[in-house]
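Trainee: Test case, fold it:
(2 chains)
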Amino acid sequence: MPTSDKTILEVKNISVSFGGVKPVQDVSFKIAENSFTSVIGPNGAGKTSLFNLISGMNKVSSGEIIFNGEAIHSIHTHKIAQKGLIRTFQGAKIIKRLTVAENLMMAVQGNPGDNLSGFFRKKARREFEESARAEALRRLDQVGLSKFADEYAGILSGGQRKLLDLSRALMAKPSMLLLDEPFAGVNPTLVEKLLTVLAQLRKEHAMTFLLIEHDLETVMNISDRVIVMADGKIIADGLPNSIYENELVIDAYLGSRRKDA
Amino acid sequence: MGAFLQPGFWVFVLALAGIYGIFALGLQIQYGVGGIMNFGHVGMMAISGYTIAVLVIKYQWSFWWAAFIGVFLAALLGALLGLTTLRLSGDYFAIASIAFAEITRYWILNTDSVTGGTQGTLAIPDPAGIGGYTTQPDVILTWISDRLYPLFGQEASRDMSMIFIVWPFLILFIWISSKLQQTSWARVLRATREDDEVPRSLGKNVFRFRLQTLVIGSVFGGIAGVFWALQFALLAPEDFLRIVTFYGWMILILAGATRVKGLLVSAIFFGFLYGATRFLEFWPLSLLSSPERAYLRVFLIGFVIVLLMVKRPQGLFGKRDEMVLE
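Mentor: Okay, here's the model as predicted:
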């Protein structure tokens, strides 16, 4: 695995509490650049809350988050995204009343047309739009959605929305991608294909992945590390194979299913 | 029904419809593109209109500078409204915006020494004896009506000159706004009307986009106020009641909130509805007194809004999917 030693993301003792509920408690880990890490855990383990903290959607109650050497735990979500740390959402959040292509095109960073001052830079705007659209169509082709390019995204099925959500995140050309259950509800053939796409991105663009998944087997081969969460804490952290043998994990999460198998 | 056929009345209605069209244009970009429900839009019109009256009459400014400052103040107040309340989600912002417009109106009502209070701009202290605020633009209006006289004879009026000023501006603003709505800026804004987490997670400063929209809409509201002030040549606080905002909303909903060009037609349609209620003087409506009948307009317009929401939520020109897709 082409994992470098350089740390891209460091989470230091972060906790968050909402009233009496503490979805994330004293969580720490480091993610190496160009690595592929999966976070697994039962429902309510705090995985999505962890993502919300890293992406700045919720603020940490305590602790620090360092991305590329910069503290990001107290800055706005959009600024974090602009630094190249992009996330997707559980259950695929798409913009239903934009077209499928528009959903993708809005993710491209550095669009001169996103600023009002760009209104008068007509040529720059048009050129940017054209290349963004070409890239959007290429990505749609990759996931078999190109025939829906100019339809409202609201007509897509649940699985197709997932693909759109993932493709949109990739349009932002992130250096690190947080994927929240990207494969739930996607058919197995397509999951295989997506995993290939992710592996390719990792290889060619040195992208780093942190991914939430329910099913360990899906990400077994692609992950070089698995973090297991339960009740807001990390209960295991290691190579995928070692997780299978970890008693704590079996008790907390994999439970009888593994023992029976 | 004699008055129904009087061209002069319809000329007035058409001029007013153009002003309402510009007014609704502000709501269109705020709601149709940005999903911001502004129920206090009339406040922007009141501010720019009154700014002109006060600066010209009380301080002898030129009308043009006063108009510029009026629109600028409307934009500034739009920004202030946004900075203080735009973090509220949809419905709560709508409530705050109504409060904003009402505060503006009550302030005008109760600051007699500046605004003339209940008696309107006629009561603004007039140290130089100017006697009104439209002297400068009236030169232009007269010039236009002189040119119209050979064509329309006695029908060439100040109202008709207003049409020739207001409507080209309305068309120009619609054109600019439709260009603006083709940019990626507007695409981000359309995304925010549905969800703000997605655009935020893609690096878009949603608050900035919303604030910009609110200010742009306020500029259109302010410009409508300039034309309003010009059209009526005097202002009173009751010109700027909440219902005026809802007239703007009706024009918007009629056109289809996302279809800026539809405003041209729906503004005319609104003018017709607005004017036509005056002629509902046949039995049994003739049993009502004339001021009571004026309220029929409010009923009629409310009815049209409800009918549209049920039957054609996309308006006359919008795409249904863009309004109802889940």
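Trainee: which residues touch residue B:33?
Mentor: Residue B:33 makes contacts with B:181, B:186, B:189, B:190, B:193, B:213, B:258, as judged by C-beta atoms under 8 Å, 6 or more residues apart in numbering or on different chains. The C-beta positions use only the backbone N, C-alpha and C, and glycine is treated the same way.
Trainee: The third one and residue B:30: what is the separation?
Mentor: Distance, residue B:189 to residue B:30, by C-beta to C-beta, to the nearest Å: 10 Å.
Trainee: And the last one, by the same measure?
Mentor: Distance check for residue B:258 against residue B:30: by C-beta to C-beta, it reads 12 Å.
Trainee: which one of the two has more residues nearby?
Mentor: Between residue B:258 and residue B:30, counted using other C-beta atoms under 10 Å in any protein chain shown, residue B:30 has the larger neighbour count: 29 against 22.
Trainee: which residues are contacting stretch A:160-170?
Mentor: So stretch A:160-170 is contacted by A:86-89, A:92-94, A:100, A:103-104, A:106-107, A:139-140, A:142-145, A:148, A:153, A:156, A:177, A:179, A:182-186, A:190, A:194, A:201, B:202 (C-beta under 8 Å, 6+ apart).
Trainee: ok so, going back, which one of the contacts of residue B:33 is nearest chain A?
Mentor: Lowest distance from chain A to the contacts of residue B:33 (C-beta to the nearest C-beta) belongs to residue B:190, with 5.9 Å.
Trainee: tell me which element the closest one is part of?
Mentor: Element membership for residue B:190, per DSSP states H and E: helix B:184-192.
Trainee: can you pull the contacts of residue B:197?
Mentor: Contact analysis of residue B:197 by C-beta under 8 Å, 6+ apart lists A:57, A:77, A:89, A:93.
Trainee: what does the stretch 51-200 of chain B put close to chain A?
Mentor: Selection of the stretch 51-200 of chain B residues close to chain A by C-beta under 8 Å from any C-beta of the partner chain yields B:179-180, B:183-185, B:187-188, B:190-191, B:193-195, B:197-200.
Trainee: Spatially nearest residue to residue A:37, not counting backbone neighbours?
Mentor: Sequence neighbours aside, residue A:225 is the residue nearest to residue A:37 in space, at 4.6 Å (criterion: C-beta to C-beta, 6 or more residues apart in numbering or on different chains).
Trainee: Any idea how many residues pack against that neighbour?
Mentor: 21.
Trainee: Report the buried residues of the longest helix along chain A.
Mentor: In chain A, with assignment by DSSP state H, the single longest helix is helix A:122-142. By neighbour count on 16 or more other C-beta atoms under 10 Å in any protein chain shown, the buried set for helix A:122-142 is A:125, A:128, A:129, A:132, A:133, A:135, A:136, A:137, A:139, A:140.
Trainee: Tell me the one of the residues you listed nearest residue B:229?
Mentor: residue A:125 (36.1 Å; C-beta to C-beta).
Trainee: Am I right that that closest one is in contact with residue B:184?
Mentor: Yes - at 7.2 Å, residue A:125 counts as touching residue B:184 under the criterion of C-beta atoms under 8 Å.
Trainee: list residues touching both of those two?
Mentor: A:111, A:113.
Trainee: Does the residue nearest to residue A:37 touch residue A:40 like I think?
Mentor: No - with contact defined as C-beta under 8 Å, residue A:225 does not count as touching residue A:40 (11.2 Å).
Trainee: Would you map the helices across the stretch 201-326 of chain B?
Mentor: Assigned by DSSP state H, counting those that start in this stretch, the helices in the stretch 201-326 of chain B fall at B:206-232, B:242-255, B:262-276, B:290-294, B:296-311, B:320-324.
Trainee: show me what contacts the residue of the stretch 51-200 of chain B found nearest chain A?
Mentor: Residue nearest to chain A within the stretch 51-200 of chain B: residue B:184 (3.7 Å; C-beta to the nearest C-beta). Going by C-beta under 8 Å, 6+ apart, residue B:184 touches A:105, A:106, A:111, A:113, A:114, A:125, A:128, A:129.
Trainee: Then residue B:270?
Mentor: B:17, B:20, B:247, B:250, B:251, B:254, B:301 are the contacts of residue B:270 under C-beta under 8 Å, 6+ apart.
Trainee: and these as a markdown table, adding pLDDT and distance to residue B:237?
Mentor: Below are these laid out as a markdown table (pLDDT from 0 to 100; distance: C-beta to C-beta, whole Å):
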| residue | pLDDT | distance to residue B:237 |
| --- | --- | --- |
| B:17 | 95 | 23 |
| B:20 | 96 | 19 |
| B:247 | 90 | 17 |
| B:250 | 89 | 22 |
| B:251 | 91 | 23 |
| B:254 | 86 | 28 |
| B:301 | 77 | 21 |
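Trainee: of all those residues, which comes closest to residue B:289?
Mentor: Nearest member of the contacts of residue B:270 to residue B:289, counting by C-beta to C-beta, is residue B:301, at 20.0 Å.
Trainee: Farthest-apart pair in the contacts of residue B:184, please.
Mentor: A:106 and A:125 (13.8 Å).
Trainee: Provide a list of residues in contact with residue A:227.
Mentor: A:29, A:37, A:38, A:39, A:40, A:234, A:236, A:237.
Trainee: Out of those, which sit inside strands?
Mentor: Among the contacts of residue A:227, the ones falling in strands (DSSP state E) are A:29, A:37, A:38, A:39, A:40, A:234, A:236, A:237.
Trainee: Poorly predicted segments of chain A, please.
Mentor: Low-confidence segments of chain A (pLDDT under 70): A:1-4, A:253-261.
Trainee: What segments of it are strands?
Mentor: According to DSSP E, the strands that chain A contains are A:7-18, A:21-32, A:36-40, A:62-67, A:70-71, A:85-87, A:176-180, A:208-212, A:225-230, A:233-238.
Trainee: what does chain A have sitting close to chain B?
Mentor: Counting by C-beta under 8 Å from any C-beta, the residues of chain A near chain B are A:55, A:57, A:76-79, A:81-82, A:86-89, A:93-98, A:102, A:105-107, A:109, A:111, A:113-116, A:118-119, A:125, A:128-129, A:152, A:154-155, A:168-169, A:172.
Trainee: Quick one, which of the residues you listed are buried?
Mentor: A:55, A:57, A:77-78, A:81-82, A:86-89, A:93-98, A:102, A:105-107, A:109, A:111, A:113-116, A:118, A:125, A:128-129, A:152, A:154, A:168-169, A:172.
Trainee: among these, which are in helices?
Mentor: Per DSSP H, these map to helices at A:77, A:78, A:81, A:82, A:102, A:105, A:125, A:128, A:129, A:168, A:169.
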